[in-house]
Each structure stands twice: as C-alpha cells, then as structure tokens.
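Novice: Here's a sequence, model it:
(2 chains)
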Amino acid sequence: MIVNGQEETLDEPISVADLLERKGLRAARVAVELNGAIVPRAKRAETMLKGTDTLEIVTFVQGG
Amino acid sequence: MTTNESTSEPTLDELVGTATNTALLPEPDAHAYDAIATGEADPLILGGHKFTSRFILGSGRYDLNLIKATIENAGTQIVTMALRRCRTTENNLLDYIPKGITMLPNTSGARNAEEAVRIARLAREVCETDFVKVEIEHETKYLLPDNAETIRATEMLAKEGFVVMPYMFPDPIAARQLEDAGAACVMPLGSLIGSNKGLRMRDFIEVIIANAHVPVIIDAGIGRPSQAAEAMEMGADAVMAYTAIASAGNIPVMARAFKHAIEAGREAYLAGLGTVTEGHAVPSSPTNAADYLSPSAPTA
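Specialist: Numbers count the residues shown, from 1 in each chain, chains lettered A, B, ... in the order given. Modelled structure (predicted):
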C-alpha cells in the first residue's frame, strides 16, 4: 500500500478510519483519497484497505 | 492686464502670460451631501454570501500563535490556506483560525484544471467549504497563473457548486471568459506574488474593473497600505494581501494599517474622487484682486 507517496506494509485488513487512528491523525482535520476517489467521512469506517491501494491523506496548511 | 498699479516690476501674471486664473471649483453636485451606503451597508458579495470586510488575508508562514491577533487586527472575514499531504494533525492551522472565519482553500500545486478540481474537492471534504481560490501555475520562480487552464477549472468547479475565486493574469478578455465560466469574482495580480511592488498592472486592471459584472479582487503584489487604498480608490472590490503583512516589522499592527487603508480607499471610491486639473491651480480662496490687502503695509 502507498500512503502519501510512501510504501507501507499492510499486515491485516484495516479500515480507513482505523488507519487514521493508528497514525494518530484527527479525523476532522483530514480528507482521504483512495485510488483517486475521495472517501467521504461517513464511509471511512466501512472502507477496507488492500495492499495494492494508493492513499492520499491531506490537510490544510498555511498558504496564500 | 493687471490691476496691480503700484509697482513697475512685472507681476507673475505678466511673466507667465495669463491675466487672471479664472478656474473655479465646480459647484457641488446636487447630490453631493446625500447619504450613501458605506461600511456594513455596502457588503462584498461572493457567491451569494455577504462580507462586510473587503480584506482577504493569506495565512502563510506566520507564527501560528500570531494568526488570531492578525486576523482580528485585519478585521478580515476570509482567510486563505493551502492543501498538502498530512504528516500530523498536531498544531493544525484550523485550530488557530477563529470561529466564523470563511476558509478559502487555494489550489496551489495544481498545474492544470484537472489537478485544481481534485484539490478543490479534497479541500471541501476537509472543511465543508464551497469556496475555492483557483491557482494554476507551472513554475515557482514567477508563480504566474495559467489563464486558459484557470478558465477550464472555473467552469468545471462552478458546475459542481463551488464559489470559484480565480487568481489570474490581468487580461481583460480572460476576465470576461472567467465570468462566463461561472466565477464568483476575478482576482487579477497587481504584480508578482510576494513582490510588494503594488499595482504594476494598473491600466489593465482598470479595464477589467470597468467591464466586470463580478467583484474584482486584487490578489498579488500589494505591498503597502497606500497601494491597497489606491486599488480600492480605482474601484477594486477587495484586496488580498499576505507578504506585505508577514514581512512587516510588526505583523498585527500592519494588518490593522491595511484594514484602515482598504476602508479609506473604498469610501473614497464610493464618494467619487475630485477632479484632476493640469497646468493651472484651482483657487480655494477668493481671487478678486480688489479685495486683497495692499501689497505692502503702510508704515506708521
């Protein structure tokens, strides 16, 4: 699985919501894109990840 | 020629060849004292949302602990931000933005319309804002906006219900095309981003303002409060600034100086600027020569 451009190993099936929690990321502060499509907040708990997935997790930073 | 008969020296009127300056201050317009809508009665409207502040603030690179004071001093209601990969949500920008502020995510990093749409959708997912500042650039030396891709992105995003605020090179034809594509405003650059050089593109921005049906917001290059006031005096609807404030000696006080300048410039525009004359003065005191005191006072 590739998360934000970095290879990560996936030992067991995990949901998007659980991955955010494991990474210590606050769910309310991020958006998640799975293989190019946004995973809406309401679908994060039921969306399971596979080893072939590409994930982008983004947030706001300072900018003009 | 002259009514001054007490001296044989030529008078200034004789030297410059005019007998009398007959220019008069124009009579005040019949409505010059009427009440007009200013301040809260003169809102900036973007995509149906009303704002009483005409100052949009960039959030880049301040000390996060200064953001709240800067926003409050600026009196701003709209703050921009960028979207990037998330390594941590500790000390997140959103934790430092006061409640009630409208988030304006930009699409910086996008090189074409499709990438801008992707970033806008993700930004909407983070904070449920429909506002997006479209910014499409190909390089980081000049950070010039690609108007053609910006027009495409604007059309795509407007169809998805976004309030689209496109950063653009001040081409009046592109401004019209952005309007037609559904832009909520246009945001021409005054000079290069972060250059603090002011309204170098003034002549073309004036053409955009004269023909726009949406607000015109000067987005880049405004470097000092007098330049912000100048933009507002010529009819810009709002000013966005960041570097001018972030690079100032005191950030919150400079934010307040910009607030005053933008308000002053707006009121000057609404009031209607006075007439400019060339080649002669317009006396503001009576010039009837017979009413002047004698040139030299009699000695006692």
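Novice: Quickly find the element holding B:Ala153.
Specialist: Using DSSP states H and E, B:Ala153 sits within helix B:147-159.
Novice: Against which helices or strands is that helix packed?
Specialist: Counting contacts by 3 or more C-beta pairs under 8 Å, 6 or more residues apart in numbering or on different chains; DSSP states H and E, helix B:147-159 is packed against helix B:113-127, strand B:131-134, strand B:163-168, helix B:172-181. (Each C-beta comes from the backbone N, C-alpha and C, glycine too.)
Novice: quick one, what contacts the residue lying closest to B:Pro166 once chain neighbours are set aside?
Specialist: Using C-beta to C-beta, 6 or more residues apart in numbering or on different chains and skipping residues adjacent in sequence, the residue nearest B:Pro166 is B:Val134, 4.4 Å away. Shown in contact with B:Val134 (C-beta atoms under 8 Å, 6 or more residues apart in numbering or on different chains): B:106-107, B:110, B:116, B:120, B:150, B:153-154, B:157, B:164-167.
Novice: Over stretch B:208-218, what's the mean pLDDT, rounded is fine.
Specialist: Averaged over stretch B:208-218, pLDDT sits at 98.
Novice: in that stretch, what's buried?
Specialist: Burial within stretch B:208-218, assessed by neighbour count using 16 or more other C-beta atoms under 10 Å in any protein chain shown, is assigned to B:Ile208, B:Ile209, B:Ala212, B:Val214, B:Pro215, B:Val216, B:Ile217, B:Ile218.
Novice: cool, stretch B:83-99 as well?
Specialist: Residues of stretch B:83-99 classed as buried by neighbour count (16+ other C-beta under 10 Å): B:Leu83, B:Arg84, B:Cys86, B:Thr89, B:Asn92, B:Leu93, B:Leu94, B:Tyr96, B:Ile97.
Novice: what does it rub up against?
Specialist: Residues outside stretch B:83-99 that contact it (C-beta under 8 Å, 6+ apart): A:4-5, A:24-26, A:29-31, A:56-62, B:59, B:64-65, B:67-68, B:71-72, B:79, B:81, B:103, B:105-107, B:109, B:119, B:122-123, B:126-127.
Novice: where along chain A do the strands fall?
Specialist: Secondary structure of chain A (DSSP state E): strands located at A:2-3, A:6-7, A:14-15, A:31-34, A:37-38, A:48-49, A:54-62.
Novice: Quick check: the residue of the stretch 101-250 of chain B nearest chain A.
Specialist: The nearest approach of the stretch 101-250 of chain B to chain A comes at B:Glu125, 3.7 Å away (C-beta to the nearest C-beta).
Novice: OK, contacts around the closest residue to that residue other than its chain neighbours?
Specialist: Spatial nearest neighbour of B:Glu125, excluding adjacent residues (C-beta to C-beta, 6+ apart): A:Ala31 at 3.7 Å. Counting by C-beta under 8 Å, 6+ apart, A:Ala31 touches A:Ile38, A:Ile57, A:Val58, A:Thr59, B:Leu83, B:Leu122, B:Ala123, B:Glu125, B:Val126.
Novice: what's the answer for B:His49, then?
Specialist: By C-beta under 8 Å, 6+ apart, the contact list for B:His49 reads B:Thr102, B:Val163.
Novice: how close does it sit to chain A?
Specialist: In this view, B:His49 and chain A are 19 Å apart by C-beta to the nearest C-beta, to the nearest Å.
Novice: got the residues of chain A near chain B?
Specialist: A:4-5, A:24-26, A:29-33, A:38, A:40-41, A:56-64 (C-beta under 8 Å from any C-beta of the partner chain).
Novice: Return the members of those residues classed as buried.
Specialist: The neighbour count (16+ other C-beta under 10 Å) marks A:25-26, A:29-33, A:38, A:41, A:56-64 as buried among the residues of chain A next to chain B.
Novice: one step back: what's the closest of the contacts of A:Ala31 to B:Tyr142?
Specialist: The shortest approach to B:Tyr142 among the contacts of A:Ala31 belongs to B:Leu83, at 22.1 Å (C-beta to C-beta).
Novice: That closest one should be in a strand, yeah?
Specialist: Yes. Per DSSP: H, G, I helix; E, B strand; the rest coil, B:Leu83 lies within a strand segment.
Novice: Now do B:Pro295, the pLDDT please.
Specialist: With respect to pLDDT, B:Pro295 has a value of 68.
Novice: same question for stretch B:185-198, mean pLDDT?
Specialist: pLDDT averaged over stretch B:185-198 gives 96.
Novice: quick one: terminal-to-terminal distance for that stretch?
Specialist: End-to-end distance for stretch B:185-198: 20 Å, by C-alpha to C-alpha, to the nearest Å.
Novice: and what of stretch B:181-196?
Specialist: Taking C-alpha to C-alpha as the measure, stretch B:181-196 stretches 30 Å from start to finish.
Novice: buried residues in it?
Specialist: Under 16+ other C-beta under 10 Å, the buried positions of stretch B:181-196 are B:181-191, B:193-196.
Novice: sec struct for B:Ile45, please.
Specialist: strand.
Novice: How many neighbouring residues does it have?
Specialist: Neighbourhood size, B:Ile45 [other C-beta atoms under 10 Å in any protein chain shown]: 13.
Novice: wait, what's in contact with it?
Specialist: Going by C-beta under 8 Å, 6+ apart, B:Ile45 touches B:Phe51, B:Pro215.
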